[in-house]
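Q: Here is my input, please return the structure:
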Amino acid sequence: KDCVHTCILNKQFNRTVGYNITNQHTMANNIRLAARAHCSLKKQRYVRHRSVHTWSPLSAAFNVNTLTKSLTNIKSLRTGVFQYDNLCEPQGYLQYLEESISKVKNLVHKVSSIESTIEVVSMIDDISNTLCKVADLSEFVRQAHPDERFSQVASHASFTISSLVEQLNTDPTIYNALQRFIKSDEFVRSDDETRVVAHLLLDEFEMSGVHLDENSRSQFVKLSENQIELCHEFGRHASTPVRIPAVEIPMNIRPCFLPSASSSFVTLEQRFFNVPSLEAREFAYKTYLCIDESAENVLEQLLRVRSSIAQLTGFSSYADRCLTTTMAGSCSYTNEFLLNLADKLQPLVEKELNLLGIKDRSTAVPWDVSYKMSQYVGSIQHVGNIQNSAAPYLSLGSVMDGFNRLATELFGVELRVESHEQGELWSDDVRKLSVYDTVERRIMGYIYCDLFHRPINKPPMDCHFTIRCGKQLTADSYQLPIVVINLRLSPPSNPHCPTLLNLHSVCNLFHELGHALHSVIGGRTRYQHASGTRCHGDFAEFPSTLMEYFVRDKRVLKSIAKHYETGETMPDNMADKLLKSDQLFSAYELSNHVSNSILDQYLHSNDPHSMSIRHISYDVDNQYGPLPAVQGTAPYLRFSHFIGYAARYYSYQMSRALSSLVWQRCFSDDPFNSQQGSRLRYSLLAHGGTKEPWSLINNILNYKPSSNDLVNALIEQSTC
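A: Next up is the predicted model:
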């Protein structure tokens, strides 16, 4: 979730839910090379066998070569992105922004004159909906639109709306109207959803300091605006590749980096470089993660601003403020969970390092461990033959088709390819899908799939954006949710071959599609403020993480994996080896995430004026990480989750633990169990943020797991 936690009337109005696994980069690169080689060798067979297996419309839409235009029909009508007619041109954003601000001002005026009636909650939700439709759209366009003119004006719109949001968060007029309603008899007589949303809104107003004096409220707005600017600045650094002159690379390793002898510059986009040369790997790691004083200064300022926001609003720390409205509930619970997990992971990590011939953790270095892991996995798979052989069974179209069959079986929803209007998409390789309810026979929402890498303005991680939430508009009119899933897959270089994935990419795709379904299935709430993934931050990752467990089940994998030429199912022995290799070094990977979570908690729980980020980062890595810190590097400056998951990065580990428990109880015996799928949909997903998360988990598990239960679930998973 690569966004700023600035909300109003809304928990996280620019909801972007993200997922980024730092492990297995080299495996991803290997499979891309394997896919290219496979396509080159199979070109003639592809042409010959294409008629043997007929693709469904869904798989055909994604298996068409992405270098060509979309297969879906294009209507002649001209419109803007997501069918916003006034966004055909960049300047249309300004008109849309002005119209929305004017509408908000009118709604605020109306709220101030309403007595204590249920209409107060509806009107505040209308304000929130108007703001969010601009903010969410603008935040996506700012990060993802390839036309710089659009991204620049969207950036302006995003900051303008964010500032207005913070002003409204501290507006006593709206707050007082809401308080009058909550204290009235009509509140007692209102329905559960209205009461829940009213209290959510009230809590968020108070977290923004609406009860403070005028000078303090003004200070809060300024601090919040400063936080937004610093987040954008830090995010730019975290995602910017390192570009260095070729002459700065030592002569003996220069050939490892240069695509041609005439290249003048080298661009590094990640820390791990999968080449035999130890010196080249070390150079790449230390160069990409070099200490940048200006970026470190931005992070220091960001932590100070957040600390000031927390103290101003009556909290002991920014972490304390963030965790008040989460499942964890407190810093003490979160720290207990993380430290217990870190402690139990250490012996498992040591065993995994022993597989690589590393007996002493203190002497190991990450660029060496990463390379040895890829080599070890390759040896288990007979020098990569399994990955290479498995690739044709995991074409993007086949995987999308497999997900669709699973979603239909479990949840009664179907993904359908939709036509689009001119200007509706921002890139030719984007695909538009509708989510169709096969039970109630209606469209529930729309998913735009932006799955391929492009060199200009593409979010740096796999993630999910909410563009518009679901909301009841009138008795017979409903605002359908719109979401985008963003991946960075490499398009095929061969026009005769579809995009082929590895298992890691399939898991990421299922994860983001899980977010999308959560947004749509949970998007049928009355109020947009509690729609879909607008729920507790550490609960939002649960449904998406659960979908990964389906991918890693052999029965599901075989239902997904169909050869793109013949349609035949992946053989049993191939599926077994693929899944076995995927489980390798899972404790090491989890330990990385846990140490990042501990660092995140520490930085947001302590006084930023009296600590050194660099020293704390090194101490955390040395004590809790799988490997000791590398002096002279700054991995924390590449940790973009400090933006949207500040003090809540632990959410990934907690959600994974919950997913493990739910998987074991509901789906391990039969992953296609439609009864359990229906239970998950109607007892959990459909409620969005209108129910307390632990009560929803209790509905599924029939008990509330303790912190120790969650830790044990993760440890058991890592020892499978």
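Q: pretty sure Ser683 contacts Asn702?
A: No - using C-beta atoms under 8 Å, Ser683 makes no contact with Asn702, being 11.3 Å away. To be clear about C-beta, it is placed using only N, CA and C from the backbone, and glycine gets the same treatment.
Q: Looking at these two, which is more packed in?
A: Ser683 (14 against 8; other C-beta atoms under 10 Å).
Q: host element of the nearest residue to that one once chain neighbours are set aside?
A: Excluding the flanking residues, the one nearest Ser683 by C-beta to C-beta, 6 or more residues apart in numbering is Asn699, at 4.6 Å. Assigned by DSSP states H and E, Asn699 belongs to helix 693-701.
Q: which one's the longest strand in this structure?
A: What stands out as the longest strand in the chain, according to DSSP state E, is strand 442-452.
Q: quick one, phi/psi of the residue of the chain positioned farthest from its centre?
A: What lies farthest from the middle of the chain is Asp185; by C-alpha atoms, centre = their mean that is 41.3 Å. Here is the backbone geometry of Asp185 (degrees, to the nearest 10): phi -70, psi -30.
Q: Now do it against Ser706, distance only.
A: Applying C-beta to C-beta, to the nearest Å, the value for Asp185 to Ser706 is 39 Å.
Q: try Tyr446
A: Counting by C-beta to C-beta - Tyr446 and Ser706 are separated by 40 Å.
Q: re earlier: name the strands paired with the longest strand of the chain and say parallel or antiparallel.
A: In the sheet, strand 442-452 lines up against strand 431-437 (antiparallel), strand 482-489 (parallel) (DSSP bridges).
Q: counting contacts, what elements does the helix or strand following that strand pack onto?
A: In the C-terminal direction, the helix or strand that comes right after strand 442-452 (DSSP H and E) is strand 462-468. For strand 462-468, the packing partners by 3 or more C-beta pairs under 8 Å, 6 or more residues apart in numbering; DSSP states H and E come out as strand 16-19, helix 119-144, strand 482-489, helix 503-521.
Q: The residue nearest to Ser683 touches Tyr682, doesn't it?
A: No - if you go by C-beta under 8 Å, Asn699 and Tyr682 don't touch, sitting 9.7 Å apart.
Q: Run through the helices of the stretch 301-450 of the chain in chain order.
A: Secondary structure of the stretch 301-450 of the chain by DSSP state H, counting those that start in this stretch: the helices cover 318-323, 331-355, 366-380, 385-390, 396-411.
Q: and the second one, what's its mean pLDDT?
A: Model confidence over helix 331-355, given as mean pLDDT, is 96.
Q: Kindly report the same for stretch 94-114.
A: Taken as a whole, stretch 94-114 has an average pLDDT of 93.
Q: what residues does it touch?
A: By C-beta atoms under 8 Å, 6 or more residues apart in numbering, the surrounding residues in contact with stretch 94-114 are 84, 86-87, 120, 123-124, 126-127, 130-131, 133-134, 153, 156-157, 160-161, 164, 168, 171, 173-174, 177.
Q: Where does the prediction get shaky in the chain?
A: Where the chain drops to pLDDT under 70, the residues are 1-53, 65-77, 260-262, 381-385, 720.
Q: so where do the strands sit in it?
A: If DSSP E is used as the criterion, the strands of the chain fall at 16-19, 74-78, 242-245, 265-268, 413-417, 420-422, 431-437, 442-452, 462-468, 471-474, 477-479, 482-489.
Q: thinking again about what came up before, okay if I get the helices of the stretch 301-450 of the chain as TSV plus distance to Ser56 and mean neighbour count?
A: As requested, the helices of the stretch 301-450 of the chain are exported to TSV (distance: least, C-beta to C-beta, whole Å; neighbours: other C-beta atoms under 10 Å):
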stretch	distance to Ser56	mean neighbour count
helix 318-323	43	24
helix 331-355	40	18
helix 366-380	32	19
helix 385-390	21	20
helix 396-411	5	22
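Q: how many neighbours does Val483 have?
A: There are 31 residues near Val483, going by other C-beta under 10 Å.
Q: Correction: the previous question concerned Leu212.
A: Neighbours around Leu212, by other C-beta under 10 Å: 18.
Q: For it, give me its contacts.
A: Thr170, Phe220, Leu312, Thr313 are the contacts of Leu212 under C-beta under 8 Å, 6+ apart.
Q: Leaving out chain neighbours, which residue sits closest to the last one?
A: So that's Thr313. That would be Gly209: by C-beta to C-beta, 6+ apart, it lies 4.5 Å from Thr313.
Q: Do I have it right that that neighbour meets Phe315?
A: No - in this structure, Gly209 is not within contact of Phe315 by C-beta under 8 Å, at 10.4 Å.
Q: ok, back up a step: indicate which one of the strands paired with strand 442-452 is closest to Arg142.
A: Closest approach to Arg142 among the strands paired with strand 442-452 (C-beta to C-beta): strand 482-489, 12.9 Å.
Q: send the alpha carbons of that closest one over as CSV?
A: Presented in CSV, the C-alpha positions along strand 482-489 are these (Å, rounded to 0.1, in the frame of the first residue of the first chain):
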residue,chain,number,x,y,z
ILE,A,482,-13.6,0.5,-9.5
VAL,A,483,-10.1,-0.8,-8.7
VAL,A,484,-6.7,-1.2,-10.5
ILE,A,485,-4.3,-4.0,-9.9
ASN,A,486,-0.7,-3.1,-10.8
LEU,A,487,2.1,-5.6,-11.5
ARG,A,488,5.4,-5.2,-13.3
LEU,A,489,5.6,-8.2,-15.5
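Q: Need the residues that contact it.
A: So strand 482-489 is contacted by 82, 140, 144, 396, 445-453, 458-468, 499, 501, 505, 508-509, 512-513, 515-516, 519-520 (C-beta under 8 Å, 6+ apart).
Q: make it 6 Å
A: 82, 446-453, 459, 462-468, 499, 512, 516, 519 (C-beta atoms under 6 Å, 6 or more residues apart in numbering).
Q: when you compare where it runs with where strand 462-468 runs, what's the angle?
A: For strand 482-489 against strand 462-468, the angle by axes from the mean of the first three to the mean of the last three C-alpha atoms, to 10 degrees is 160 degrees.
Q: Dump the helices of the stretch 301-450 of the chain to JSON lines, plus distance to Asn622.
A: Converted to JSON lines, the helices of the stretch 301-450 of the chain look like this (distance: least, C-beta to C-beta, whole Å):
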{"stretch": "helix 318-323", "distance to Asn622": "22"}
{"stretch": "helix 331-355", "distance to Asn622": "12"}
{"stretch": "helix 366-380", "distance to Asn622": "13"}
{"stretch": "helix 385-390", "distance to Asn622": "34"}
{"stretch": "helix 396-411", "distance to Asn622": "40"}
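Q: Just give the nearest non-adjacent residue to Arg78, would you?
A: Gln422 (4.9 Å).
Q: From Cys231, how far out is that neighbour?
A: From Gln422 to Cys231 the distance is 34 Å (C-beta to C-beta).
Q: Check Leu348 too.
A: For Leu348, the distance to Cys231 - C-beta to C-beta - is 35 Å.
Q: One more: Leu637?
A: Leu637 is 14 Å from Cys231, by C-beta to C-beta.
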